[in-house]
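A.B. asks: got a structure for you, letters missing:
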């Protein structure tokens, strides 16, 4: 024990006051990144955040970071691959900005590779790089980071789990092949001109991504399906979770008024705040039939079917509510942050997935018996109520959630301390190249040993052919000998 | 920081006084295992060690464990696969022993799968299992634990590193195929009768090994080549290392007498204590030409060429000597323990590999610029002296060793604390099945998706054939139409 503490004390003094350059992705990705930045700031690091003037959530004035503006997309242009390329070009062309960044002599680029701008800029400035990722771009980089056999490692977006039958494995394979196509053809080729102009020959977006020193992955194997991992992948799922704080008096009174029945908490995220009217009517009607109380983070017209037990709020202290002993079920869209908060506090989930990885996230909880899922497009009052009552009345959901919570908290180091450790590790050691795969530089046929297979098969084939040839020769000789005397 | 401490304090109280059954492998494997047992004992666990009455190193009387005898091999029988099977049979047939073990209600089987007795007994008693391994049996179980691409993950025993050319990859592939044959045919089939008699249908030695909850691997990626790993593999390389203690007065005086030149420490392990006479003469003659002092752990006839600077000893405090500031080079056979002690203290190595994995171990240090290797069979005074002087005079060897030492010590938790954490984790959670690959149960053609590939290719083939068939049909119709009017 003393050993661990002395390990950490010794180390924390090494790289205080390091200069960290951050290029985040906006939206819920930024919410994640900011939690890490706050922790880095509290440990004495100087943080500079690059963002556009039109950021949704990233503000100019912050006590934890210095803000630098980068060119922004005009409103007309969609966030497609081509506009991202021209944006990256603009940044690299901005000589004043690049000089400023070079002169600051940053120790690290911390970025989210969901959009490649940070990867490109970090590579251009030759900075050690740490990624903060949920899913590795395009199907968890099945091929590139660690070989994840398609037979038991479901590709993200496939909505499959790790126990697949033949047709599911076929579906997974097709997803995998499509992802390879998207990564190597669609995305990588789009950046060809940019890389030819600004980078040494042989560099492309994929190779630059693979040169990252550490990948901080917002996953945990109590939630993710076990899969092979290279040593520079570090799992930090749930790093934003913390013990619940006391609720405001009014909310606490509401929680207590639920008595023995407890409370249902509903929130479907920041991006889709309003569900279709018909759906909210059905949900409100179902809630009205419950003995429980309900707190619903709600935007839009108040449902006509709303019961007296249901409280609509514009915002709710999600973590504190999930950690409250009266909370029985969390109704959620399946965003990663919410899922880890539910796991941390051991609360079962009723999932209403809407977008992105929400389907995959909820599937993982469902497989572990800690969630049920209702598809929004087929949601009715009856099927919603049936699923909700099932979770409330069947103790296995809560037991499974509590078991996940126990396992999630049972790790050598908290996920946040783990994240900070590895960020500071890269700063201290000026990179972590020794943890990277030697397979990255190989052409595909060498990586998969196809050339070796052809060579070995050719030798075997030639040997067999040679053997048959010699046998025939001997037979012919013998038979010709036999013929002659006759 | 406080968080980590509280995490650990909280946890250490959970599983104190657990009953741990240990079936070790004798020799240097036992030296390793014993270090872990001492630590487990100091944390309040009750340890029972199963061993034969003819053990080399494992004693009956110990303050840290209770000893239970198991049947032993008679002296006539070699340690081959068949004798190991009959030994395992004898243990499982011993009703008194089995009853005693069952009645004790152990919480865990801690074993070394280098010999499979512990795996078989742990499986038979249905205990959660933790393995303490150096190399995973037969080529690091390339296929079974984590897919390690043959293109960059060298098979143990191949004496290859992770940057391979075409012929080296071919050699690695042949090693890999041979290992598969040995694991699945030679070893696994030998145990068929035993498994049919004592285990449920479908169980074999490989499946039992793969059901282990945690594999504690005596590796570290500053030494091992980076390769993919499943989440239930935990790397604890160097767990036995500790800071140097003061030397006995006489030895300290000898070290100090070396002045600015420093000392060369030589020890070639416990198994081969005596090198051939011609070799020791050459080595002694080379030592005699050095300005350094030399401490040589030596068994046999004193070399006639011995210089005054060389001190022969029957035993030496290796860790304390390696940690001494006067020590300049460690001459070693390349056993894993010695390599990690050299890395821990940042001392460069001159390797004289003799057996087993010593060649692979030394190769890893050599690739990192922290060692040179001299083959014993071609050792002469001149080539030995040249290599030794190179290490002594070229500062890069020491710098590289120091860099490895710094990286090795830079981890979130010491290797020993990591080992204990995961052993207690398995006890606390009654296993760690959620970290195991779902691929273990699949037949090989499904694991490698060969069935899916055949299916997809068949569909593509049929589609192309159908397309051609329809085209031909249309062409024929058109040409027959053309013909008719004429």
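C.D. replies: Great, that's in hand. In this text, all values refer to a predicted model and were calculated from it rather than measured experimentally.
A.B. asks: residues touching the residue minimising distance to the centre of chain A, list them.
C.D. replies: Nearest to the mean C-alpha position of chain A, counting by CA atoms, centre = their mean, stands residue A:134 at 1.2 Å. Applying CB atoms under 8 Å, 6 or more residues apart in numbering or on different chains, one finds that residue A:134 lies in contact with A:29, A:114, A:217-219, A:336, A:357. Backbone N, C-alpha and C define where each C-beta goes, glycine included.
A.B. asks: can you tell me which of these are in strands?
C.D. replies: When those are checked against strands (DSSP state E), the matches are residue A:217.
A.B. asks: can you tell me which of the contacts of residue A:134 is closest to residue A:277?
C.D. replies: Checking these against residue A:277 with CB to CB, the nearest one is residue A:357 at 26.4 Å.
A.B. asks: tell me who's in contact with the closest one.
C.D. replies: Contacts for residue A:357 (CB under 8 Å, 6+ apart) come out as A:134-135, A:156-157, A:334, A:336.
A.B. asks: in helices, which of those residues appear?
C.D. replies: Among these, the members found in helices (DSSP state H) are residue A:336.
A.B. asks: hang on, the earlier thing: dump the contacts of residue A:134 to CSV, plus distance to residue B:274 and pLDDT.
C.D. replies: Shown next, in CSV, are those (distance: CB to CB, whole Å; pLDDT from 0 to 100):
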residue, distance to residue B:274, pLDDT
A:29, 64, 85
A:114, 62, 83
A:217, 52, 91
A:218, 57, 91
A:219, 53, 91
A:336, 61, 90
A:357, 63, 86
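A.B. asks: between the contacts of residue A:134, which has the most around it?
C.D. replies: With neighbours taken as other CB atoms under 10 Å in any protein chain shown, the top of the contacts of residue A:134 is residue A:219, carrying 26 neighbours.
A.B. asks: ok, that one - contacts?
C.D. replies: Residue A:219 neighbours (CB under 8 Å, 6+ apart): A:134, A:235-237.
A.B. asks: how about 10 Å then?
C.D. replies: A:133-136, A:140, A:225, A:227, A:229, A:233-238, A:336, A:340, A:364, A:415 (CB atoms under 10 Å, 6 or more residues apart in numbering or on different chains).
A.B. asks: again, but for residue A:263
C.D. replies: Residue A:263 neighbours (CB under 10 Å, 6+ apart): A:251, A:254-257, A:292-295, A:309, A:311, A:321, A:324-329.
A.B. asks: and residue A:330, by the same measure?
C.D. replies: Residue A:330 sits next to A:264-267, A:318, A:321-322, A:338-339, A:341-342, A:345, A:347-351, A:371, A:391, A:401 when contact means CB under 10 Å, 6+ apart.
A.B. asks: do residue A:149 as well
C.D. replies: Going by CB under 10 Å, 6+ apart, residue A:149 touches A:142, A:169, A:172, A:227-228, B:143, B:146-147, B:437-439, B:442, B:446-449.
A.B. asks: how about the secondary structure of it?
C.D. replies: Using DSSP: H, G, I helix; E, B strand; the rest coil, the secondary structure recorded for residue A:149 is coil.
A.B. asks: ok, how many other residues are close to residue A:255?
C.D. replies: Residue A:255 has 18 neighbours, counted by other CB under 10 Å.
A.B. asks: now the one helix or strand it maps to: how far from the chain's centre is it?
C.D. replies: Using DSSP states H and E, the element containing residue A:255 is helix A:249-256. What separates the centre of helix A:249-256 from the centre of its chain is 35 Å, taken as CA atoms, centre = their mean, to the nearest Å.
A.B. asks: kindly tell me how buried residue A:209 is, as a neighbour count.
C.D. replies: For residue A:209, the count of nearby residues is 25 (other CB under 10 Å).
A.B. asks: from residue B:227, how far off is it?
C.D. replies: Distance, residue A:209 to residue B:227, by CB to CB, to the nearest Å: 20 Å.
A.B. asks: same check, this time on residue A:32
C.D. replies: Per CB to CB, residue A:32 is found 29 Å from residue B:227.
A.B. asks: list phi and psi for the residue in the stretch 251-400 of chain A that chain B sits nearest to.
C.D. replies: Ranked by CB to the nearest CB, the top residue of the stretch 251-400 of chain A for proximity to chain B is residue A:368, at 8.2 Å. Phi and psi for residue A:368, reported as degrees, to the nearest 10, are phi -90, psi 10.
A.B. asks: and for residue A:314?
C.D. replies: Dihedral angles for residue A:314 - degrees, to the nearest 10 - are phi -80, psi -30.
A.B. asks: residue A:298 is in contact with that one, correct?
C.D. replies: Yes - taking contacts as CB atoms under 10 Å, residue A:314 lies within contact range of residue A:298: 7.5 Å.
A.B. asks: if you count what's nearby, which of the two comes out ahead?
C.D. replies: Each of residue A:314 and residue A:298 has its neighbours counted (other CB under 10 Å); residue A:298 has more, 24 against 8.
A.B. asks: just the element for the residue lying closest to the more buried one once chain neighbours are set aside, please.
C.D. replies: Distances taken as CB to CB, 6 or more residues apart in numbering or on different chains put residue A:312 closest to residue A:298, at 4.1 Å, once the chain neighbours are dropped. Element membership for residue A:312, per DSSP H and E: strand A:310-313.
A.B. asks: tell me the helices and strands packed up against that strand.
C.D. replies: In terms of contacts (3 or more CB pairs under 10 Å, 6 or more residues apart in numbering or on different chains; DSSP states H and E), strand A:310-313 is packed against helix A:249-256, strand A:263-267, helix A:277-288, strand A:293-297.
A.B. asks: let's see that with 8 Å instead.
C.D. replies: If contacts are counted by 3 or more CB pairs under 8 Å, 6 or more residues apart in numbering or on different chains; DSSP states H and E, strand A:310-313 sits against helix A:277-288, strand A:293-297.
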